[in-house]
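Student: after the sequence you'll find the predicted model.
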Amino acid sequence: MIRIPMGHNLLFAVLIAVLGTVALAPVSAAQDSAEEMTPVEVVERVGPAVVTVINEQTLSDIFGGEQTIQAGAGTGFIIDEEGHIVTNWHVVTGGSSFIVILADGTEVEAELIGEDPRDDLAVVKIDPSAVPATVPLGDSDELRPGQSVLAIGSPLGAFGNTVTAGIVSALDRDQVGQGESSICQNYSDLIQHDAAINPGNSGGPLFNLRGEVVGVNTLGIPQSSTGVPVQGIFFAVPSNTVSAVVQQLIDRGFISAPFLGITMVALTPQLAAVNNLPVENGVYIDGVEPGGPADQAGIQPGDIILSIDGEEITPMDTLATHLLRYEPGDTVELTVLRGDEQMTVQLTFGEAPQELFEQCTLQGRP
């Protein structure tokens with residue numbers, strides 16, 4: 001079994017399943033936004049579709065009664081005339097009821113449609129008669145570093161429709177925040193930007209200057225692992241990921257994702273050196289679920305998966321990132337190192353059991 005050195009600062013995850021997003025048709029645009037606008041024009045157009053999402057939880061008191069309290073608040077945005085609202089999973093998790101506050105201050109009840117802990121996304125729905133406006137999802141693949149973006153949200157849950165501006169700092173950021181390569185909040189391919197966001201902005205839209213949502217704001221980094229204050233490092237889930245996930249949540253109420261049936265540790269050069277391993281990259285198989293896809297493919301504990309369909313697994317290009325291209329039922333070719341022998345095996349993905357998602361927690365998120 002691989003030995004993890006005590007005091008090691010590297011974040012790693014042990015998996016029961018490694019999940020990927022199924023690519024579905026994007027949510028249709030609500031308006032023609034081909035021409036770029038000024039920031040003021042963007043805000044005037046899209047502002048009415050940005051909302052505050054209140055998470056309410058029912059608690060039992062010592063006398064056997066119940067009371068409903070506000071457990072948290074975040075941001076969301078309305079994507080269609082049916083009243084579907086996109087927000088973060090960590091905004092709604094644990095909620096027993098939900099209130100949406102519209103841009104004009106009107107409060108309406110909402111119901112939870114579906115949750116995706118892995119991508120930190122969720123959909124709630126209000127009555128169609130309450131919809132004041134909608135916003136379209138853009139193509140995040142068109143983003144370029146240096147491009148201007150706007151964030152709109154409810155920082156601290158109190159300052160609704162606060163606008164901040166910035167630029168795209170970088171694209172395709174992996175290994176960000178908590179839960180790298182895990183079922184819960186497996187952040188991959190994130191947009192890095194510097195438009196200020198704070199607690200309460202979670203789930204809010206990141207707009208381009210065409211008034212299209214190109215990302216869903218999900219977290220920032222306030223300090224380094226050594227406690228050094230950090231400024232201007234914020235992340236959003238790309239809109240193309242959002243399109244695929246949201247469509248599944250609306251259609252099914254949950255996401256469908258490939259299932260390997262393993263526990264694993266992602267390798268780095270440092271871990272490989274400490275454990276005297278012959279390779280620096282890949283995933284070390286710590287355990288295999290009996291009868292699961294990996295077991296049926298002949299994968300054994302102690303194996304190291306080096307690549308999937310010829311694409312190398314590295315700390316910056318993780319197995320979870322690769323699996324975003326696949327669906328349950330797909331068959332792939334894995335390059336596996338067993339001892340000194342390198343081999344290829346065929347593996348057919350199963351579908352991740354939904355109870356795995358029910359084990360997800362906030363993992364220290366505000």
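Tutor: Noted; the coordinates are in hand.
Student: so where's the stretch 1-150 of the chain uncertain?
Tutor: 1-34 (pLDDT under 70).
Student: show me where it has helices.
Tutor: Along the stretch 1-150 of the chain, the stretches classed as helices by DSSP state H, counting those that start in this stretch are 39-46, 89-92.
Student: tell me the most buried of those?
Tutor: Using mean count of other CB atoms under 10 Å, the stretch among the helices of the stretch 1-150 of the chain with the largest mean neighbour count is helix 89-92, at a mean of 27. (C-beta placed from N, C-alpha, C; glycine too.)
Student: distance between that helix and the chain's centre?
Tutor: Distance, stretch centre to chain centre, for helix 89-92: 11 Å (CA atoms, centre = their mean, to the nearest Å).
Student: same deal with stretch 212-232?
Tutor: The chain centroid and the centroid of stretch 212-232 are separated by 14 Å, computed with CA atoms, centre = their mean.
Student: which of the residues in that stretch are buried?
Tutor: Applying a neighbour-count criterion of 16 or more other CB atoms under 10 Å, the buried positions in stretch 212-232 are Glu212, Val213, Val214, Gly215, Val216, Asn217, Thr218, Leu219, Gly220.
Student: can you check stretch 273-286 too?
Tutor: Of all the residues in stretch 273-286, those buried under the rule 16+ other CB under 10 Å are Leu277, Asn281, Gly282, Val283, Tyr284, Ile285, Asp286.
Student: could you work out the most separated pair of these?
Tutor: Maximum pairwise distance in those, criterion CB to CB, is 16.5 Å, between Asn281 and Asp286.
Student: okay, the buried residues of stretch 273-286 in a markdown table with secondary structure and pLDDT next?
Tutor: A markdown table is the format used below for the buried residues of stretch 273-286 (DSSP: H, G, I helix; E, B strand; the rest coil; pLDDT from 0 to 100):
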| residue | secondary structure | pLDDT |
| --- | --- | --- |
| Leu277 | coil | 89 |
| Asn281 | coil | 90 |
| Gly282 | coil | 91 |
| Val283 | strand | 90 |
| Tyr284 | strand | 92 |
| Ile285 | strand | 92 |
| Asp286 | strand | 90 |
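Student: of the buried residues of stretch 212-232, which belong to helices?
Tutor: Filtering those for membership in helices, criterion DSSP state H, returns an empty set.
Student: would you reformat the helices of the stretch 1-150 of the chain as JSON lines and include distance to Gln270?
Tutor: Supplementary listing: the helices of the stretch 1-150 of the chain in JSON lines, determined by distance: least, CB to CB, whole Å:
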{"stretch": "helix 39-46", "distance to Gln270": "44"}
{"stretch": "helix 89-92", "distance to Gln270": "30"}
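Student: to Thr314, which of those lies closest?
Tutor: Proximity of the helices of the stretch 1-150 of the chain to Thr314 was assessed by CB to CB; the nearest stretch is helix 89-92, lying at 27.0 Å.
Student: tell me what the closest one is packed against?
Tutor: With contacts defined as 3 or more CB pairs under 8 Å, 6 or more residues apart in numbering; DSSP states H and E, the secondary structure elements packing on helix 89-92 are strand 50-60, strand 66-78, strand 107-116, strand 121-125.
Student: save the ones you listed as a markdown table, and put in distance to Pro229 and mean neighbour count too.
Tutor: Compiled in a markdown table, the helices and strands packed on helix 89-92 are given as follows (distance: least, CB to CB, whole Å; neighbours: other CB atoms under 10 Å):
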| stretch | distance to Pro229 | mean neighbour count |
| --- | --- | --- |
| strand 50-60 | 28 | 20 |
| strand 66-78 | 24 | 19 |
| strand 107-116 | 31 | 19 |
| strand 121-125 | 29 | 27 |
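Student: including distance to Gly153, could these go into TSV?
Tutor: Converted to TSV, those look like this (distance: least, CB to CB, whole Å):
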stretch	distance to Gly153
strand 50-60	7
strand 66-78	4
strand 107-116	17
strand 121-125	15
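Student: determine which of those approaches Gly339 most closely.
Tutor: Between Gly339 and the helices and strands packed on helix 89-92, the shortest separation by CB to CB is 38.3 Å, and it involves strand 107-116.
Student: from Asp127, how far off is His84?
Tutor: Counting by CB to CB, to the nearest Å, the separation of His84 from Asp127 is 12 Å.
Student: if you count what's nearby, which of the two comes out ahead?
Tutor: Counted by other CB atoms under 10 Å, His84 and Asp127 do not tie: His84 has more neighbours, with 24 against 12.
Student: so that one bridges to which residues?
Tutor: Beta-bridge pairing of His84, defined through DSSP bridges, involves Lys125.
Student: what sits against it?
Tutor: Counting by CB atoms under 8 Å, 6 or more residues apart in numbering, His84 makes contact with Ile78, Ile113, Val123, Val124, Lys125, Val246, Ile250.
Student: and of those residues, the nearest to Gln67?
Tutor: Comparing those against Gln67 with CB to CB places Val124 closest, at 22.1 Å.
Student: beta partners for the residue nearest to that closest one when sequence neighbours are not counted?
Tutor: Computed as CB to CB, 6 or more residues apart in numbering, the closest residue to Val124 that is not its neighbour in sequence is Ala110, at 4.3 Å. On the basis of DSSP bridges, Ala110 is bridged to Phe98.
Student: just the strands from the stretch 101-250 of the chain, written as ranges.
Tutor: When secondary structure is read from DSSP state E, counting those that start in this stretch, the stretch 101-250 of the chain shows strands at 107-116, 121-125, 148-153, 162-173, 190-193, 205-207, 213-220, 234-238.
Student: and those as JSON lines, adding distance to Pro290?
Tutor: Shown next, in JSON lines, are the strands of the stretch 101-250 of the chain (distance: least, CB to CB, whole Å):
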{"stretch": "strand 107-116", "distance to Pro290": "28"}
{"stretch": "strand 121-125", "distance to Pro290": "32"}
{"stretch": "strand 148-153", "distance to Pro290": "46"}
{"stretch": "strand 162-173", "distance to Pro290": "36"}
{"stretch": "strand 190-193", "distance to Pro290": "35"}
{"stretch": "strand 205-207", "distance to Pro290": "44"}
{"stretch": "strand 213-220", "distance to Pro290": "36"}
{"stretch": "strand 234-238", "distance to Pro290": "34"}
